[in-house]
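Asker: Would you be able to build a 3D model of this:
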Amino acid sequence: MFQLCTAAIPVLGLEIGRRREGPMQKILFVHNNFPAQFLPLCKALSGRDDIQMAAIGSPTARTLPGVSLKKYMIPDGELAAAHPFARRFEAECRRAEQVLYSASNLKQQGFVPDLVIAHPGWGEMLPLRPLFPEARIIAYCEFYYRPNGQDVGFDPEFPDMGVDGHIRIHLKNAATLLALDDADVGLSPTLWQRSTYPDVFQSKIEVIHEGVDTEAIRPRDDAVLTLRSGKVLTKADEVVTFATRSHEPLRGFHCFLRALPAIMKARPKAQILIVGGSGTPYGLSPPDGHSWRSYFFREIEGKVDHSRIHFTDDLSREDFLKAFQISSAHVYFTYPFVLSWSLLEAMSAGCLVIGSDTTPLREIIDGSNGILVPFFDIAQLSERVIEALANPRRFAGMRRAARETVVSRYDLDRVCLPRLIDFYRIAAPGRAVRAKRAAASRKR
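Answerer: Have a look, this model is predicted:
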């Protein structure tokens with residue numbers, strides 16, 4: 001199991017935690033889907049009179065108070081003329097060109113950042129070092145692609161991509177490697193995600209999670225979720241939850257569906273609540289004419305009571321959290337891939353997590369705060385869920401331990417934000433300011 005890393009990496013000899021003297025500090029965020037992982041930090045810094053923030057993103061980027069956002073257009077154009085191995089990098093270079101225009105415009109307007117925080121995955125970091133040679137540049141290191149054993153080559157149910165496919169996967173890292181070479185330092189949210197990077201870069205990457213708002217996301221015995229159908233679910237019901245951005249094999253959707261016939265037969269009152277699923281798959285696209293939902297659901301047709309399976313693609317944030325708060329058993333499976341925010345949010349809400357025994361989860365779940373089962377063992381998954389539904393009191397301590405894990409290691413205000421602010425060398429707001437914000441948050 002990975003051990004939590006607490007040592008900060010010294011960068012540029014700057015002292016940690018002290019308020020800058022002199023002119024206002026300028027921070028530039030670059031992420032095609034801004035604010036994305038930078039949301040907690042942006043919120044924490046919003047309104048500071050000693051900090052000015054700007055961001056560059058694609059049309060999917062969202063505005064935030066206190067952040068001046070410039071959106072670039074994703075250029076159209078035929079990539080077929082490029083060699084198949086080079087098409088992704090060419091697309092990234094076109095995106096980099098658009099970021100260059102946006103960043104140059106900021107520079108012409110007098111915004112020259114002291115600190116740049118950016119995601120390297122889409123080529124957006126390529127022009128930043130030449131444009132801002134004096135800035136401190138930090139790369140958000142989310143994931144390094146490998147042709148075997150991670151999101152690719154893990155599941156034997158799907159064919160190997162062959163040598164050509166392996167080369168294309170390896171070349172997906174090109175922009176990331178160039179960005180890491182340019183960056184002063186990198187940042188990963190988990191130790192396992194850092195471990196996916198080449199050894200030569202790992203010493204350059206600090207591990208700090210974005211954090212979970214454990215005050216807002218907490219257990220609630222009185223939570224009530226009303227579905228669009230009018231069905232009302234509470235903690236008194238046997239509710240099995242499954243929540244992912246996209247229902248796909250990479251997140252174990254096929255394993256979960258295959259476990260449902262046994263679960264629903266053994267527990268005739270169980271309600272199955274499947275959240276999300278409308279996002280673009282991280283992994284393989286489904287066969288033509290299908291979504292992964294329709295493709296795998298064919299296997300269990302006639303074996304389950306459809307009236308007890310509830311798909312909810314469009315829950316509000318409030319209802320999304322209620323789904324965790326009423327959950328009797330929460331199933332979270334993943335290939336060795338980026339850990340979902342939803343796992344830690346579920347644990348913060350006091351869920352009993354039944355997860356896949358894969359490397360990203362072993363960093364979080366140790367048997368005292370959740371249950372891990374082999375990814376492909378459908379029978380064991382079914383048995384663990386049935387046991388959780390039949391004996392809820394037995395797992396009360398595990399639920400408490402799940403929340404305690406998140407509060408002690410991933411709490412936004414007490415653990416992660418202070419470390420992030422130190423890491424980015426941003427002076428933290430004074431105690432009085434923090435107390436005022438905390439009081440306002442409690443009133444909401």
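
Asker: And stretch 332-342, end to end?
Answerer: Terminal residues of stretch 332-342 are spaced 9 Å apart (Cα to Cα, to the nearest Å).

Asker: Oops, could you answer that again for stretch 175-190 instead?
Answerer: For stretch 175-190, the separation between the terminal residues is 21 Å (Cα to Cα).

Asker: residues making contact with it?
Answerer: The set of residues external to stretch 175-190 that reach it, using Cβ atoms under 8 Å, 6 or more residues apart in numbering, is 2, 9, 11-12, 37, 89, 92, 96, 118, 120-123, 125-126, 128-129, 136-142, 144, 194, 197, 201, 204-210, 339, 360, 363, 423. Glycine gets a C-beta too; all of them are placed from N, C-alpha and C.

Asker: Now, these that are in helices?
Answerer: Assignment to helices by DSSP state H places the following of the contacts of stretch 175-190 there: 89, 92, 96, 128, 129, 194, 201, 360, 423.

Asker: How much space separates the second one from residue 419?
Answerer: Between residue 92 and residue 419 the distance, using Cβ to Cβ, to the nearest Å, works out to 30 Å.

Asker: what about residue 407, neighbour count?
Answerer: When neighbours are defined as other Cβ atoms under 10 Å, residue 407 has 17 of them.

Asker: so it sits right up against residue 213, yeah?
Answerer: No: with contact defined as Cβ atoms under 8 Å, residue 407 and residue 213 do not form a contacting pair (10.9 Å).

Asker: intersection of neighbour lists for these two?
Answerer: Between them, residue 407 and residue 213 share no neighbouring residue, with contact defined by Cβ under 8 Å, 6+ apart.

Asker: Going through the contacts of stretch 175-190, which ones are buried?
Answerer: 11, 37, 89, 92, 96, 118, 120-123, 125-126, 128-129, 136-142, 144, 194, 197, 201, 204-210, 339, 360, 363, 423 (16 or more other Cβ atoms under 10 Å).

Asker: Helices of the stretch 251-400 of the chain, start to end?
Answerer: Across the stretch 251-400 of the chain, reading from the start of the chain, the helices by DSSP state H, counting those that start in this stretch fall at 253-266, 292-297, 317-325, 341-348, 359-362, 378-390, 396-410.

Asker: how about the closest residue to residue 278 other than its chain neighbours, what does it touch?
Answerer: Nearest in space to residue 278, with sequence neighbours left out and distances taken as Cβ to Cβ, 6 or more residues apart in numbering, is residue 313 at 4.6 Å. By Cβ under 8 Å, 6+ apart, the contact set of residue 313 is 276, 277, 278.

Asker: Run a quick neighbour tally on the last one.
Answerer: In other words, residue 278. Neighbour count of residue 278, defined by other Cβ under 10 Å: 12.

Asker: Against residue 183, how distant is it?
Answerer: 33 Å.

Asker: Can you show me the strands along the stretch 151-300 of the chain?
Answerer: For the stretch 151-300 of the chain, applying DSSP state E, counting those that start in this stretch gives strands covering 185-188, 205-207, 224-226, 232-234, 239-244, 271-276.

Asker: need the ones you listed in CSV with distance to residue 163 and mean pLDDT, can you?
Answerer: Shown next, in CSV, are these (distance: least, Cβ to Cβ, whole Å; pLDDT from 0 to 100):
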stretch, distance to residue 163, mean pLDDT
strand 185-188, 29, 96
strand 205-207, 29, 96
strand 224-226, 49, 97
strand 232-234, 49, 97
strand 239-244, 31, 97
strand 271-276, 35, 96
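
Asker: Looking at those, spot the one closest to residue 160.
Answerer: strand 239-244 (24.4 Å; Cβ to Cβ).

Asker: Name the surrounding residues that touch that closest one.
Answerer: Strand 239-244 has contacts (Cβ under 8 Å, 6+ apart) with 233, 251, 253, 256, 263, 270-277, 320, 323-324, 326-332, 340, 342, 346, 351, 385, 389.

Asker: now that strand, how far from the chain's geometric center?
Answerer: Chain-centre distance of strand 239-244: 17 Å, with Cα atoms, centre = their mean, to the nearest Å.

Asker: now the angle between helix 317-325 and that strand, please.
Answerer: Taking axes from the mean of the first three to the mean of the last three Cα atoms, to 10 degrees, one finds that strand 239-244 is oriented at 130 degrees with respect to helix 317-325.

Asker: Sheet partners, orientation included, of strand 239-244?
Answerer: Sheet pairing of strand 239-244 (DSSP bridges) gives strand 271-276 (parallel), strand 329-332 (parallel).

Asker: Quick one: closest of those strands to residue 64.
Answerer: Minimum separation from residue 64 across the strands paired with strand 239-244 (Cβ to Cβ) falls at strand 271-276, 23.2 Å.

Asker: Please compute how far the closest one lies from its chain's middle.
Answerer: For strand 271-276, the distance from its own C-alpha centre to the chain's C-alpha centre is 20 Å (Cα atoms, centre = their mean).

Asker: now swap in stretch 164-184 and tell me
Answerer: 20 Å.

Asker: Could you tell me which residues within that stretch count as buried?
Answerer: Counting neighbours by 16+ other Cβ under 10 Å, stretch 164-184 gives 166, 168-169, 171-176, 178-180, 182-184 as buried.

Asker: now swap in stretch 235-243 and tell me
Answerer: Of the residues in stretch 235-243, those buried by neighbour count under the rule 16+ other Cβ under 10 Å are 235, 237, 238, 239, 240, 241, 242, 243.

Asker: what's the first-to-last distance across it?
Answerer: Using Cα to Cα, the gap from the first to the last residue of stretch 235-243 comes to 17 Å.

Asker: what's the neighbour count on residue 153?
Answerer: As a burial measure, residue 153 scores 18 neighbours (other Cβ under 10 Å).

Asker: Quick check: phi and psi at it.
Answerer: Residue 153 has phi and psi values of phi 80, psi 10 when expressed as degrees, to the nearest 10.

Asker: circling back to that earlier point, turn the strands of the stretch 151-300 of the chain into CSV, including distance to residue 301.
Answerer: What follows is the strands of the stretch 151-300 of the chain, written out as CSV (distance: least, Cβ to Cβ, whole Å):
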stretch, distance to residue 301
strand 185-188, 42
strand 205-207, 44
strand 224-226, 26
strand 232-234, 24
strand 239-244, 18
strand 271-276, 15
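
Asker: quick one: which of those is nearest residue 154?
Answerer: Evaluated over these, closeness to residue 154 peaks at strand 239-244, with 16.2 Å, by Cβ to Cβ.

Asker: Outline the domain layout of this protein.
Answerer: Structural domains annotated on the chain: 25-211, 224-408, as defined by automatic domain parsing.

Asker: I appreciate the help and will end here.
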